[in-house]
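Asks: let's see this in three dimensions:
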Amino acid sequence: MHADKQFCGLDPDSEFVELAVEVFSMLADATRVRIVLALRNAGEMSVNHLADVVDKTPAAVSQHLAKLRLARMVAHRKEGTTAFYRLVDEHASQLVIDAIKQAEHTFSSGDGSHHHSSTAPA
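Replies: Purely as a prediction, here's the structure:
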């Protein structure tokens, strides 16, 4: 009878609730949100390029990327001494998009125009 709830984890007593909180916690940082948005738009970027885009030092960006990598939100590859990062899948990006839309909704004039923007990369 409740098999669909068991598999999707959407019950209030789901074992995934605490893990979801950890995901939100990981994304509760402006620099990490900017990194996710940058990677969403570009696909793959070097640490130095990401640092330029999010206006942080490469060392600071590397620390944030390490956390996102441990959370399995980003993956990396090396080319010589340069590390390139990409989003593992669309889930972190979609969470950020939804949070941005919620923030826009809070400050919108009520016309709902922010709901018409595409979720596809620019």
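
Asks: what kind of secondary structure is Ala83 in?
Replies: strand (DSSP: H, G, I helix; E, B strand; the rest coil).

Asks: so how far is Thr57 from it?
Replies: 15 Å (CB to CB, to the nearest Å). Every C-beta, even on glycine, is put in place using the N, C-alpha and C of the backbone.

Asks: in the protein, which spans are helices?
Replies: 3-8, 17-26, 30-42, 47-54, 58-70, 91-107 (DSSP state H).

Asks: how far off centre is stretch 83-90?
Replies: Centroid separation for stretch 83-90 versus its chain: 10 Å, with CA atoms, centre = their mean, to the nearest Å.

Asks: which positions in it come out as buried?
Replies: 83-85, 87 (16 or more other CB atoms under 10 Å).

Asks: among the helices of the chain, which is nearest Glu79?
Replies: Glu79 lies closest to helix 47-54 among these, at 11.7 Å (CB to CB).
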